[in-house]
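S.K.: Just to be clear, the model below is a prediction. Sequence and coordinates:
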Amino acid sequence: MKPTDILVIDDESIIRKGCLLVLADEGHNVECCHTGQQGLQRIQASAPDIVLLDLKLPDMDGLEILASIKKTHPDIYIIIMTGYATVSTAVEAMKLGAFDYQAKPFSDDELIMTVNRAVETKKLVEENRLLRNELTEMFHFNKIVGEHPRMIEVFDLISRVSPTDTTVCIYGESGTGKELIARAIHAHSKRGGRQFVAVDCSTLASGVLESELFGHVKGAFTDATDDQAGLFKVADEGTLFLDDVANLSLEIQAKLLRVLEAREFKPVGSSRFEKTNVRIVTATNQDLNRMAQKGSFREDLYYRLNVFPIKLPPLRERKEDIPKLAYHFLSLFCRKTGKKIEGFSDDALRAIREYSWPGNVRHLKNVIERLVIMADTPVLDPPVVIEPTPLNGNPKEESIPSTVEELNSFKKELLNETFGQVQKAFLLKALETTHWNITRASERVGMKRANFSALMKKHHISSKVVKD
């Protein structure tokens with residue numbers, strides 16, 4: 001660990017020598033000055049970590065020196081030393097930014113304890129600042145891949161709303177990155193150094209979720225053997241992210257409304273309200289306005305949550321970003337797996353770009369991870385880049401065609417995504433078996449060479465030097 005640099009400014013020789021001996025034995029780098037001007041010059045030349053400052057110096061007033069140091073070097077921790085200890089002087093010194101106040105005479109142990117406390121506090125503050133900077137960098141806009149105009153608009157909204165305490169509601173389909181946006185808002189806010197707590201409102205039963213959010217007191221229910229703080233308490237001074245907020249029961253919606261209006265909540269089984277200073281960010285893939293009109297979501301809560309809406313576009317509506325995202329995830333999973341993969345073939349990248357990605361960015365991420373794990377070549381060019389559309393199971397209501405035209409369109413898309421991939425794999429297998437001799441490959445599978453070549457063109461199979 002780097003030694004702490006300490007400067008002692010005192011006109012008494014015995015104090016300077018005593019501090020030097022005691023603190024040097026503790027492993028610190030200690031220098032001494034006997035006047036205020038000399039001390040300020042030393043700080044200007046090379047700022048120490050901690051200053052031990054006497055309030056009564058022959059050339060300057062100690063409080064004046066304190067104010068000067070804090071103005072030019074706010075990160076220096078200053079411990080006041082004086083034989084004229086009064087409460088009013090101590091209060092004034094603290095107001096000006098002194099870390100602590102040490103009345104003379106003081107023992108070696110008292111000096112060591114005070115300095116150690118300053119060292120530990122400074123270390124914690126610097127670590128928190130570093131972690132916050134890392135957090136901000138992690139969720140900086142350039143870490144959220146997207147250059148489509150609609151994503152640029154999202155970034156602009158994030159930059160505008162983050163410094164405020166305004167409630168935000170993020171709308172978007174499943175997998176569009178709603179929690180990533182919520183974390184970016186938190187990281188760029190004044191609460192960035194505090195807790196970010198996320199809860200999925202769709203995964204817990206109403207009674208369990210109520211206890212999770214608001215906490216409970218001992219005896220509130222059968223298993224409540226102790227008091228337990230809820231997430232509104234845990235996230236105090238920070239950000240609470242409520243994902244899938246449309247799934248909240250009407251009872252919990254009423255309690256959430258009170259938190260938003262009065263900044264207070266009542267733990268389950270308690271008769272007393274507790275205060276909270278938490279910023280709320282919510283997310284949903286539902287139309288809350290329509291739900292409010294139908295009565296399945298409280299209208300007053302909707303208006304409270306919808307103060308600053310942010311709408312994330314589905315991946316299919318920003319296809320220009322798909323190649324960038326694909327390479328972003330490729331780089332990510334290459335680092336995780338230790339594999340060295342150069343990129344995608346033209347055919348693979350085309351297939352990735354043209355796919356509809358019903359699961360959005362999360363879907364793409366999962367597919368790229370699978371491809372990296374399965375890859376044995378430096379370029380990703382598997383016959384089937386994306387998993388085939390499942391043919392069993394019941395389709396979702398919104399995916400069922402309503403007209404003959406939609407049915408035919410769905411059939412065509414289904415053929416392209418399933419049979420088309422099998423057809424491409426069929427061609428590649430024949431070519432590989434015959435060492436890419438088109439004539440032999442077409443004969444092997446029982447096709448005319450012209451038809452075989454036409455299928456190759458349809459599936460963009462032309463990256464290798466083929467043989468006749």
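M.R.: Everything's here; your move. Just so you know, these numbers come straight off a predicted model, no measurement behind them.

S.K.: Compute the first-to-last residue distance for stretch 262-281.
M.R.: The first residue of stretch 262-281 is 17 Å away from its last residue (Cα to Cα, to the nearest Å).

S.K.: which residues of the stretch 251-400 of the chain score low on pLDDT?
M.R.: Scanning the stretch 251-400 of the chain for pLDDT under 70 picks out 382-400.

S.K.: in this structure, which residue is closest to the centre?
M.R.: Arg183 (3.9 Å; Cα atoms, centre = their mean).

S.K.: any idea of the pLDDT on that one?
M.R.: pLDDT recorded at Arg183 is 90.

S.K.: Test my guess that it contacts Gly192.
M.R.: No: Arg183 lies out of contact with Gly192 (Cβ atoms under 8 Å); the separation is 9.9 Å. Placement of C-beta: from N, CA and C, glycine included.

S.K.: hey, where'd the helices end up in the stretch 301-450 of the chain?
M.R.: 322-337, 346-354, 360-374, 404-417, 419-433, 438-445, 449-458 (DSSP state H, counting those that start in this stretch).

S.K.: Figure out which of the ones you listed is closest to Arg316.
M.R.: Closest to Arg316 of those is helix 360-374 (Cβ to Cβ; 8.1 Å).

S.K.: which other helices and strands contact the closest one?
M.R.: helix 322-337 (3 or more Cβ pairs under 8 Å, 6 or more residues apart in numbering; DSSP states H and E).

S.K.: Check the gap between Cys334 and Arg304 for me.
M.R.: For Cys334, the distance to Arg304 equals 44 Å [Cβ to Cβ, to the nearest Å].

S.K.: Ile341 now?
M.R.: Distance from Ile341 to Arg304, by Cβ to Cβ: 48 Å.

S.K.: okay, stretch 340-353 in CSV with CA atoms only?
M.R.: The C-alpha trace of stretch 340-353 is given here as CSV (Å, rounded to 0.1, in the frame of the first residue of the first chain):
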residue,chain,number,x,y,z
LYS,A,340,-10.0,-16.2,-31.1
ILE,A,341,-12.7,-15.7,-33.6
GLU,A,342,-12.2,-13.1,-36.4
GLY,A,343,-15.8,-12.5,-37.2
PHE,A,344,-18.8,-13.6,-39.3
SER,A,345,-18.9,-14.7,-43.0
ASP,A,346,-21.0,-12.5,-45.3
ASP,A,347,-23.7,-15.2,-45.4
ALA,A,348,-23.8,-15.5,-41.6
LEU,A,349,-24.0,-11.8,-41.1
ARG,A,350,-26.7,-11.4,-43.7
ALA,A,351,-28.7,-14.1,-42.0
ILE,A,352,-28.3,-12.5,-38.6
ARG,A,353,-29.3,-9.1,-40.0
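
S.K.: Mind listing residues that contact it?
M.R.: 319, 322-323, 326-327, 330, 334, 364, 367, 372, 375, 378-382, 385-386, 459-461, 463 (Cβ atoms under 8 Å, 6 or more residues apart in numbering).

S.K.: Could I get the buried residue list for that stretch?
M.R.: Ile341, Phe344, Ser345, Asp347, Ala348, Leu349, Ala351, Ile352 (16 or more other Cβ atoms under 10 Å).

S.K.: Now do the domain split for the chain, please.
M.R.: 5-133, 143-313, 317-387, 401-468 (automatic domain parsing).

S.K.: Quick one: distance of the longest one to the chain centre.
M.R.: The one in question is domain 143-313. Relative to the centre of its chain, domain 143-313 is centred 16 Å away, using Cα atoms, centre = their mean, to the nearest Å.

S.K.: show me where this protein has strands.
M.R.: Assigned by DSSP state E, the strands in the chain fall at 5-9, 29-33, 50-54, 77-82, 100-103, 168-171, 196-200, 239-243, 264-265, 274-275, 279-284, 308-311, 343-344, 379-380.

S.K.: got those strands as JSON lines, with distance to Gln228 columns?
M.R.: Output for the strands of the chain, formatted as JSON lines (distance: least, Cβ to Cβ, whole Å):
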{"stretch": "strand 5-9", "distance to Gln228": "45"}
{"stretch": "strand 29-33", "distance to Gln228": "48"}
{"stretch": "strand 50-54", "distance to Gln228": "41"}
{"stretch": "strand 77-82", "distance to Gln228": "38"}
{"stretch": "strand 100-103", "distance to Gln228": "37"}
{"stretch": "strand 168-171", "distance to Gln228": "28"}
{"stretch": "strand 196-200", "distance to Gln228": "14"}
{"stretch": "strand 239-243", "distance to Gln228": "16"}
{"stretch": "strand 264-265", "distance to Gln228": "14"}
{"stretch": "strand 274-275", "distance to Gln228": "13"}
{"stretch": "strand 279-284", "distance to Gln228": "21"}
{"stretch": "strand 308-311", "distance to Gln228": "32"}
{"stretch": "strand 343-344", "distance to Gln228": "49"}
{"stretch": "strand 379-380", "distance to Gln228": "48"}
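
S.K.: nearest to Ser249, of these?
M.R.: Closest among the strands of the chain, using Cβ to Cβ: strand 239-243, at 13.0 Å.
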